[in-house]
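Student: Pasting the sequence and the predicted coordinates here, then a few questions.
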Amino acid sequence: MTTLAGGALPADLDGPGALARFDTPCAVLVDRQGRILVADTRNDALKAIDAAGNVITLARALPGNAFEKLHRPVSLAQKKQGILVIGTLGGELFEIDRPDALRTLFPPCQRGFVRPTGIAIGHDHQLLVADSASSRLHVVTPRDGGGTLVDGGIGPAPDRPLPAAEHRWPVRPQLAWHEVVGTVGEDRGDGHGETRDHFHDGLDVRGDVGQEVLAIAPGKVSNPLAAWAFGKLNEGLAIDSLAYIHMHVGRDAQGRPLDPARFVQVLDEAGKLQRVRVRRGARFAAGDVLGSINPMVHVHLWMGVSGYGINPLLLQLKDFRDTVPPSIAAIEVHDAAGLLLSRREAGRLLVPRGEVSVVVDAWDQVDGNLPRGRLGLYSLAFQWLHADGTPVTGFEQPRSVIEFSRLPDDDLVKTVYADKSGITVQGNAETHFRYAIGRPQDQNGVGSLCATTALPTGDYLLRIVAKDFSGNETTRGRDVAVRVF
C-alpha cells in the first residue's frame, strides 16, 4: 500500500502529494480525464489529484461564491456526459456541469435526503443513492423537461423506534428531575443582535459548567463528522439519532481526555489540541460520560436525523411533569398597514373590516421551573366567536396557525415570531415569545388568516388557543372583545 497524497495531520493544503493535506476525505472517484477526485469533507471542498500526484482544489464552499452550498461533501459519482454528482452530509444532491456552476437536484420546497453517503449511476441515467441515516436505497430518475423524481418516500420511517433512553436525563442523576430551560420551536438569535435568526430545535436541560454529560441511550457513531465546533459554545457530539450539544466533547472540566480509545485528540505540530475526533463505529452505553458542560450552562438534547428532528419530550424523561397551562401576557391586533389598533368603544377594541394581523405574547412553564423561566408554546390557534361566545360560521373549531410537531424552515422564523421576540441572553430584559398570526406560512405569503372581511359589522370575541406539548391550554387572557366596523 502506498500513499498518493496527504499526511498524518488533517489540514487543508494543495500541492505535491506528500505536502498536500486533507481533512476527513470521505469519497474518491476517477473521472473521465483520469484524475482522482476527492470529497474533502471537513474542508468543504472538492479536490483533484492529477497524474503527477499534485493536489488542486476544484471547488470550495465560501460565503457568496458559486459553491456556497457545497457544505460537507461526502459522496461522488460521474455521469457519462462528465457531469459530477455530489452528496453532502446536509442531505443535498448537487450537480456540477461547469467549473463555476453548482445545481441542486431538488427544488427548494422539496425535502432532500438525510445523509447520502453513497451514489452510483444506474441504467437510463438514474442515480442510485444510499441514504444511510434513513436506512433507504433510492432511485432518482430524471424527468422530461428537467428535474428529478425520487421513487418512494424520503427520510426516516415515521414509525421509527425512539432511542432506548428509558427515561434517562443527560446529566446526573439520570433518573431524577432536572430543570428544562428550552423547548422545540422557540426563536433564537445569531449572537450579533438579531433575536429571530432560527428555530430552537431541541430540549435544553440545565446544568453547571464542568458537569458531566452522559449518554441517555446505547448507540453507535455512524457519522464521519460526529463531533463538531471544537472549542466553541455549540460544540457537540452525535451518536445514532441523538445529539448532545454545548459541551467539551471527550474532555472533563479540566480539559483532560476521557477515553482515548473512542475520543481521539488531534494535535498540531506543536502539540496543541486542535479538535477531538470520535471514531466511526465507536459504541457507547447508557450512562457513559461524553464530555463536560461548557459555559452555556445547559445540555441541548437533539433527537432525529438531519432535517427530520423529533421532540425529545417524547422520551418521557423521569419525573418530568407539565401541569401548568401557558400564560398570555398580551394580544395585539394590527391593521393592514401594521399599525397597532388601540381605540375602544364600549370596552371593545375597534377593528376595521379587512386584513388584520395579531401578535400574541405568550409563554409556557413546566412543574418545577423557576418563576423567571419561560418556555415556548407547542401550538397556537385562533377562533372568531359571536359576542355570546358561540362560534362564527366557519370557525366551529379553532384554526391552527402554529404547531411545532415538525420545525418550519429557519427562513420562516420572522413569519412565526413578531418583532421584539426573544430570550434574555439575546439582549431582552425579559423573555418574550411574540407569536405572529397574520399571513399564512406559504411561499407566497398571500392573504390574511385573521381577515375580518367576511364578518358583518358588529361585536365579536377573538379567542386565542395556546397549548403546550402536554396539552395544557390556557383559559385566562385568551379573549379580546372587538367591534368590527
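Tutor: The structure has been received and is ready for your questions.

Student: so what's D50 closest to, chain neighbours aside?
Tutor: R35 (5.6 Å; C-beta to C-beta, 6 or more residues apart in numbering). Where you see a C-beta, it was placed from the backbone N, CA and C, and this is true even at glycine.

Student: What residues does that neighbour make contact with?
Tutor: Neighbouring residues of R35 by C-beta atoms under 8 Å, 6 or more residues apart in numbering: 48-51.

Student: what about 7 Å?
Tutor: Counting by C-beta atoms under 7 Å, 6 or more residues apart in numbering, R35 touches 48-50.

Student: Among those, the buried ones, what's the PyMOL command?
Tutor: This is the PyMOL syntax for the buried subset of the contacts of R35, where burial follows 16 or more other C-beta atoms under 10 Å:
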select buried, resi 48+49
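
Student: would CSV of the contacts of R35 with distance to A61 be doable?
Tutor: Output for the contacts of R35, formatted as CSV (distance: C-beta to C-beta, whole Å):
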residue, distance to A61
A48, 16
I49, 20
D50, 22
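
Student: mind listing the helices for the stretch 301-450 of the chain?
Tutor: Taking DSSP state H, counting those that start in this stretch, the helices of the stretch 301-450 of the chain run over residues 413-416.

Student: Contact partners for the residue lying closest to S357 once chain neighbours are set aside?
Tutor: Excluding the flanking residues, the one nearest S357 by C-beta to C-beta, 6+ apart is G438, at 3.0 Å. When contacts are counted by C-beta under 7 Å, 6+ apart, G438 touches 357-358, 448-450.

Student: how near is G438 to L461?
Tutor: 19 Å (C-beta to C-beta, to the nearest Å).

Student: Walk me through the domains of the chain.
Tutor: 15-150, 180-315, 327-484 (automatic domain parsing).

Student: TSV for those domains, including mean pLDDT and distance to R160?
Tutor: Formatted as TSV, these follow (pLDDT from 0 to 100; distance: least, C-beta to C-beta, whole Å):
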stretch	mean pLDDT	distance to R160
domain 15-150	86	9
domain 180-315	94	8
domain 327-484	89	14
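
Student: Reformat the ones you listed into JSON lines and put distance to V171 next to each item.
Tutor: As requested, these are arranged in JSON lines below (distance: least, C-beta to C-beta, whole Å):
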{"stretch": "domain 15-150", "distance to V171": "26"}
{"stretch": "domain 180-315", "distance to V171": "5"}
{"stretch": "domain 327-484", "distance to V171": "15"}
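
Student: Of all those, which one is nearest A157?
Tutor: Among the domains of the chain, domain 15-150 comes nearest to A157, with 7.7 Å by C-beta to C-beta.

Student: chain center to that closest one, what's the gap?
Tutor: 23 Å (C-alpha atoms, centre = their mean, to the nearest Å).

Student: Which of the helices or strands spans the nearest residue to L349 once chain neighbours are set aside?
Tutor: Spatial nearest neighbour of L349, chain neighbours left out: V482 (4.8 Å); criterion: C-beta to C-beta, 6+ apart. Assigning secondary structure by DSSP states H and E places V482 in strand 479-484.

Student: again, but for A39
Tutor: strand 36-40.

Student: Contact partners for the residue nearest the centre of the chain?
Tutor: Centroid-nearest residue in the chain: D201, 5.2 Å away (criterion: C-alpha atoms, centre = their mean). Applying C-beta under 7 Å, 6+ apart to D201 gives the contacts 184, 302, 309, 407.

Student: Who is L37 paired with across the strands?
Tutor: With DSSP bridges applied, L37 shows beta-bridge pairing to L29, A48.

Student: Tell me which other helices or strands the strand holding A39 touches.
Tutor: strand 25-30, strand 45-49, strand 73-78 (3 or more C-beta pairs under 7 Å, 6 or more residues apart in numbering; DSSP states H and E).

Student: Now the first one: buried residues?
Tutor: The reference is to strand 25-30. Counting neighbours by 16+ other C-beta under 10 Å, strand 25-30 gives 25-27, 29 as buried.

Student: and if you look at stretch 403-418?
Tutor: Per 16+ other C-beta under 10 Å, stretch 403-418 contains these buried residues: 404, 407, 413, 415-418.

Student: With stretch 266-274 instead?
Tutor: So stretch 266-274, judged by 16+ other C-beta under 10 Å, has zero buried residues.

Student: And for that stretch, what's in contact with it?
Tutor: With C-beta under 7 Å, 6+ apart, stretch 266-274 has contacts from 9-10, 265, 275, 277.

Student: any idea how far the residue of the chain most remote from its centre lies from H386?
Tutor: The C-alpha centroid of the chain is most remote from A346, which lies 46.8 Å away (C-alpha atoms, centre = their mean). Noted for A346: a distance of 16 Å to H386, by C-beta to C-beta.

Student: what lines up beside whichever strand or helix holds V139 in the sheet?
Tutor: With elements taken from DSSP H and E, the one containing V139 is strand 136-142. Paired strands of strand 136-142, with direction, are strand 127-131 (antiparallel), strand 148-150 (antiparallel) (DSSP bridges).

Student: Looks like V181 contacts R206 (just checking).
Tutor: Yes - using C-beta atoms under 7 Å, V181 is in contact with R206, at 4.9 Å.

Student: so what's in contact with the two at the same time?
Tutor: H298.

Student: so who does V480 touch?
Tutor: 331, 333, 349, 461-462.

Student: Can you check which of the domains of the chain gets nearest to D159?
Tutor: Nearest to D159, of these and by C-beta to C-beta, is domain 180-315 at 11.8 Å.

Student: Need the single longest strand in this protein, by residues.
Tutor: strand 458-467 (DSSP state E).

Student: Which positions in that one come out as buried?
Tutor: 460-467.

Student: ok, now stretch 209-223?
Tutor: Applying 16+ other C-beta under 10 Å to stretch 209-223 flags 211-219, 221-223 as buried.

Student: Kindly report the same for stretch 166-179.
Tutor: 168-171, 174, 178.

Student: ok, and the closest non-adjacent residue to T195?
Tutor: Per C-beta to C-beta, 6+ apart, closest to T195 is G422, 3.2 Å.

Student: got a list of what the one you found touches?
Tutor: 187, 189, 195-196, 428, 432.

Student: Quick one: buried ones out of those?
Tutor: Counted by 16+ other C-beta under 10 Å, the contacts of G422 give 187, 189, 195-196, 432 as buried.
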